[in-house]
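A.B. asks: Build me a model from this:
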Amino acid sequence: MGILSFFGKKGISPLIATVLIIGFTIALAAIIITWGVGFVTQQTVQTGEQTQATLDLVQNAGVKIKGVIYNDNDPQSEPDNFTFTIENTGSIELDGFLIRAYDDNGDVHVVQVDLGSSKLGPFGVKTFSLRLNNTATPTEYQYDLANVPDGDLIPEFRGALAQFMKVNWKAT
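C.D. replies: Next up, the predicted model:
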């Protein structure tokens, strides 16, 4: 039996080949559709949960600054302090906050406060005495903060800073 007799054999009929190709195509489409439905459902559920959490935060969280007092100490001996009185106006615990102040030189003074286990509960009020660190100054407290009249506070709820709830403040 040589090579010529092999080419002389007949293959499967065109009808059977067409049926097989259609069958494979349908099976492949079913597998892809099954995977796609599961994937889309999972993404929809995750997006819905994230949207609900954000909506809950927007509706049920909030802060209000009741007062900011600048304590002008001698810059040569002690760093300057600010006393912030903050009210949680929502029903979600305040985990912490970021205070930013902008001085006349364009420098940014920042302190991030993590309240840890002593979170500010719903509708609670607390007073904090804080030293603001100048992000542009490598050595702490070599400046006077008398020219820092105002800034903003960004609350932290559920471990994430809520930029959209930023509150401006002015020192007295």
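
A.B. asks: drop to CA atoms for contacts and neighbour counts, all remaining ones
C.D. replies: OK.

A.B. asks: quick check: domain ranges of the protein?
C.D. replies: 10-59, 62-170 (automatic domain parsing).

A.B. asks: could you pull out the helices for the chain?
C.D. replies: Along the chain, counting by DSSP state H, helices occupy 3-7, 14-60.

A.B. asks: Output those helices in a markdown table; the columns should cover distance to Gly124 and mean neighbour count.
C.D. replies: A markdown table is the format used below for those (distance: least, C-alpha to C-alpha, whole Å; neighbours: other C-alpha atoms under 10 Å):
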| stretch | distance to Gly124 | mean neighbour count |
| --- | --- | --- |
| helix 3-7 | 90 | 8 |
| helix 14-60 | 14 | 12 |
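
A.B. asks: Tell me which of the ones you listed lies nearest to Ser129.
C.D. replies: The closest of the helices of the chain to Ser129 is helix 14-60. By C-alpha to C-alpha, the value is 26.6 Å.

A.B. asks: Which elements pack onto the closest one?
C.D. replies: Of the remaining helices and strands, none touches helix 14-60 by 3 or more C-alpha pairs under 8 Å, 6 or more residues apart in numbering; DSSP states H and E.

A.B. asks: distance between it and the chain's centre?
C.D. replies: 28 Å (C-alpha atoms, centre = their mean, to the nearest Å).

A.B. asks: Point out where this structure drops to low pLDDT.
C.D. replies: Low-confidence segments of the chain (pLDDT under 70): 1-11, 72-80, 132-147.

A.B. asks: if you set the cut-off to 90 instead, what comes out?
C.D. replies: Applying pLDDT under 90 to the chain flags residues 1-17, 50-62, 67-84, 99-118, 128-151, 157-172.

A.B. asks: before we move on, back to that, same list (the helices of the chain) but as CSV, adding distance to Leu94.
C.D. replies: Formatted as CSV, the helices of the chain follow (distance: least, C-alpha to C-alpha, whole Å):
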stretch, distance to Leu94
helix 3-7, 81
helix 14-60, 11
